[in-house]
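K.L.:
3D, please:
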Amino acid sequence: MDQRPLRIVLQELRGSLRGILIALPIVSCAIFILSPRLLQFLQERLAGKLYFFSVAEPFLAHAKLALAAAFFLLAPWVMLVFWRAAARPFHVSRLFVTTMVLSTTLLFYAGALFCFFVTLPLGIKFLLGFSSTELQAVISIDKFVQFTVLFILAFGLVFELPVTMIFLGKTGICSTKFFERSRRWAILLIAVLASMLTPTPDVVNMAMMGAPLYLLYESGIVVMKLARIP
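P.N.:
Coordinates of the predicted model:
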């Protein structure tokens, strides 16, 4: 197996990621000032009353939230660095890289917003529905931030599916026919991902994750055909 493309990608990333790793804590510190308002917004939208069980827990929760928000804001830069490095060994055009960056960024934000406005509210409502007079929910602020951030970022990343397919086709790694023949395996993989990434294991929430992913998979095949990618 030829490892030269991978070596070129890693060399490109090594230099470019340095700037992101410097910017990430700086932006996080700036957002940390506004993190109480951001947490209040998430709390009113999703959780209700929160509690903490150690002295440092509120500070750590705000720090994690600020770091996640910084990554969310820097996502276009991260996409640019990643796709520029991934495309370098294959000598694709700048226009193609620019299109990949724009598409990836839009899909990332679309997936994150879909999770925040649709999946998370329904999932949390389902989970909290098991409370009763004898069993009351006491939600840790740190666990709530981890739970929310994990699912929002995960949804944003898995929504990159069609762009990844197009890139693999454009670079000759996978063909359009390969994705057409792999529909059954794709459905199985999407079902597994949906069961892992949705906050609840019920069929409704899994379908709300799996259905958009399968539509994105099919849209990737359609775009590859329109672009005449073999």
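K.L.:
pull the CA atoms of the helix or strand hosting residue 153 into PDB?
P.N.:
Per DSSP states H and E, residue 153 falls inside helix 141-158. Output of helix 141-158 as PDB, limited to C-alpha atoms (Å, rounded to 0.1, in the frame of the first residue of the first chain):
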ATOM      1  CA  ILE A 141     -24.100  20.800  35.200                       C
ATOM      2  CA  ASP A 142     -20.900  19.100  34.000                       C
ATOM      3  CA  LYS A 143     -22.700  16.000  32.700                       C
ATOM      4  CA  PHE A 144     -25.300  18.200  31.000                       C
ATOM      5  CA  VAL A 145     -22.600  20.200  29.100                       C
ATOM      6  CA  GLN A 146     -20.800  17.100  28.100                       C
ATOM      7  CA  PHE A 147     -24.000  15.400  26.900                       C
ATOM      8  CA  THR A 148     -25.100  18.400  24.900                       C
ATOM      9  CA  VAL A 149     -21.800  19.300  23.400                       C
ATOM     10  CA  LEU A 150     -21.000  15.600  22.400                       C
ATOM     11  CA  PHE A 151     -24.300  15.200  20.500                       C
ATOM     12  CA  ILE A 152     -24.300  18.500  18.800                       C
ATOM     13  CA  LEU A 153     -20.700  18.100  17.500                       C
ATOM     14  CA  ALA A 154     -21.300  14.500  16.600                       C
ATOM     15  CA  PHE A 155     -24.300  15.300  14.500                       C
ATOM     16  CA  GLY A 156     -22.400  18.100  12.800                       C
ATOM     17  CA  LEU A 157     -19.600  15.700  11.800                       C
ATOM     18  CA  VAL A 158     -21.800  12.800  10.600                       C
END
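K.L.:
how about low-confidence regions in the chain?
P.N.:
Flagging of the chain using pLDDT under 70 yields the residue ranges 1-3, 5, 199-202, 204.
K.L.:
So which elements touch the helix or strand hosting residue 95?
P.N.:
Element membership for residue 95 (DSSP H and E) is helix 94-114. With contacts defined as 3 or more Cβ pairs under 8 Å, 6 or more residues apart in numbering; DSSP states H and E, the packing partners of helix 94-114 are helix 57-87, helix 141-158, helix 161-170. Any C-beta I mention is one placed from the backbone N, CA and C, and that applies to glycine too.
K.L.:
Please consider this matter closed, and thank you.
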